[in-house]
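1. this is a predicted model, with the sequence first.
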Amino acid sequence: MKNFYEILEIPRDAPLLRIKKAFRARVKELHPDISGETTNDDIHVLLEAYEILSDPERRANYDLTLGPPEKKGTGFNYREWLQARPDQESKSKLIFYDLLRQRESEALDLYAKMTAKRAFSLEKSLGKEDFMDCAFLLAEEFEARGDYAQALFLYLRICELEKRRAYFRHFFVEVEDRLRQLICVKITWQVGPLLLIELIPQIVEYDFYPKTISSLWKKMALLLDAEGQGWEARKALKKALDLNLKDPNLVRLAREWGVRPTEEDSAASS
């Protein structure tokens, strides 16, 4: 029986993000430019491993078939070693280590302690790829605890790094969806409207799906309208409408505001 944990080179208790990270790493390793001997069977097994281990129900059934994990010996304790070291790199690695092993409270406590120091940089200590994975886990946990402002700025940093050079690739849609939910639904008093009005035009420059960008422009329109900037609000709503003419709520709002899509304006003027 194939051991998908060994194929992805992860422990039996690996959380979902670590599975995704391992899958990305193994895909890169199997790229023909690197391995030179990749076969379709190799890719198929890798995809099968990812699909099963990333699905909680299928993974549970697979684990039952695989049997209990082997008992671990009493060897070197990496976590204790990191804890004992005072340097920033070790502290950053400990934050990431704990997040990957479902010790979220310890990770967040250490992150808060370290970020209180001006000189601390999680990104510099971990490097781009590990930082992006770590930042996603941190943002996910902050979001789960209702600290939407912290989550927002971590997601935005991930977006900026992904824009410079793709790393998450098709997994980036998860960041996109979480960011959209934060800005359009969850964030209220934690981030002021003026800051969001400043941020949204920058955020829509990322490589998001049209529906996501439309939702962000709609949010921008509502924020501008609430601030008494009716003309600018209508301009933002028009951008939203042009990107998603099939959204009935958006179409209804545009009709109430007297906003028409660009294609109708062009037809009327011709």
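-> In hand now; what should we look at?

2. check which helix or strand covers the closest residue to Arg260 other than its chain neighbours.
-> Once flanking residues are discounted, Arg260 sits nearest to Ala254: 7.2 Å by Cβ to Cβ, 6 or more residues apart in numbering. C-beta coordinates here come from the backbone N, C-alpha and C atoms, glycine included. Assigned by DSSP states H and E, Ala254 falls within helix 248-257.

3. might you report the residue contacts of Ile215?
-> Careful, residue 215 is Ser; it's not Ile. 180, 184, 240, 244 (Cβ atoms under 8 Å, 6 or more residues apart in numbering).

4. switch to 6 Å and redo it
-> 180, 184 (Cβ atoms under 6 Å, 6 or more residues apart in numbering).

5. quick check: pLDDT value at it.
-> We have a pLDDT of 96 for Ser215.

6. same question for the one 3 residues further on.
-> Lys218 carries a pLDDT value of 97.

7. how far away is Glu123 from Leu245?
-> The gap separating Glu123 from Leu245 is 40 Å, by Cβ to Cβ, to the nearest Å.

8. repeat that for His44.
-> Between His44 and Leu245 the distance is 40 Å, computed by Cβ to Cβ.

9. more neighbours, those two?
-> Per other Cβ atoms under 10 Å, whichever of His44 and Leu245 has more neighbours is Leu245, with 13 against 10.

10. give the buried residues for the helix or strand hosting Phe142.
-> Using DSSP H and E, Phe142 maps to helix 128-144. By 16 or more other Cβ atoms under 10 Å, the buried positions in helix 128-144 come out as 130-143.

11. dump those into JSON lines; add pLDDT and distance to Arg169 as well.
-> JSON lines is the format used below for the buried residues of helix 128-144 (pLDDT from 0 to 100; distance: Cβ to Cβ, whole Å):
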{"residue": "Asp130", "pLDDT": "88", "distance to Arg169": "16"}
{"residue": "Phe131", "pLDDT": "93", "distance to Arg169": "16"}
{"residue": "Met132", "pLDDT": "92", "distance to Arg169": "11"}
{"residue": "Asp133", "pLDDT": "88", "distance to Arg169": "13"}
{"residue": "Cys134", "pLDDT": "91", "distance to Arg169": "18"}
{"residue": "Ala135", "pLDDT": "94", "distance to Arg169": "16"}
{"residue": "Phe136", "pLDDT": "92", "distance to Arg169": "13"}
{"residue": "Leu137", "pLDDT": "90", "distance to Arg169": "18"}
{"residue": "Leu138", "pLDDT": "94", "distance to Arg169": "20"}
{"residue": "Ala139", "pLDDT": "94", "distance to Arg169": "18"}
{"residue": "Glu140", "pLDDT": "90", "distance to Arg169": "18"}
{"residue": "Glu141", "pLDDT": "92", "distance to Arg169": "23"}
{"residue": "Phe142", "pLDDT": "95", "distance to Arg169": "24"}
{"residue": "Glu143", "pLDDT": "93", "distance to Arg169": "22"}
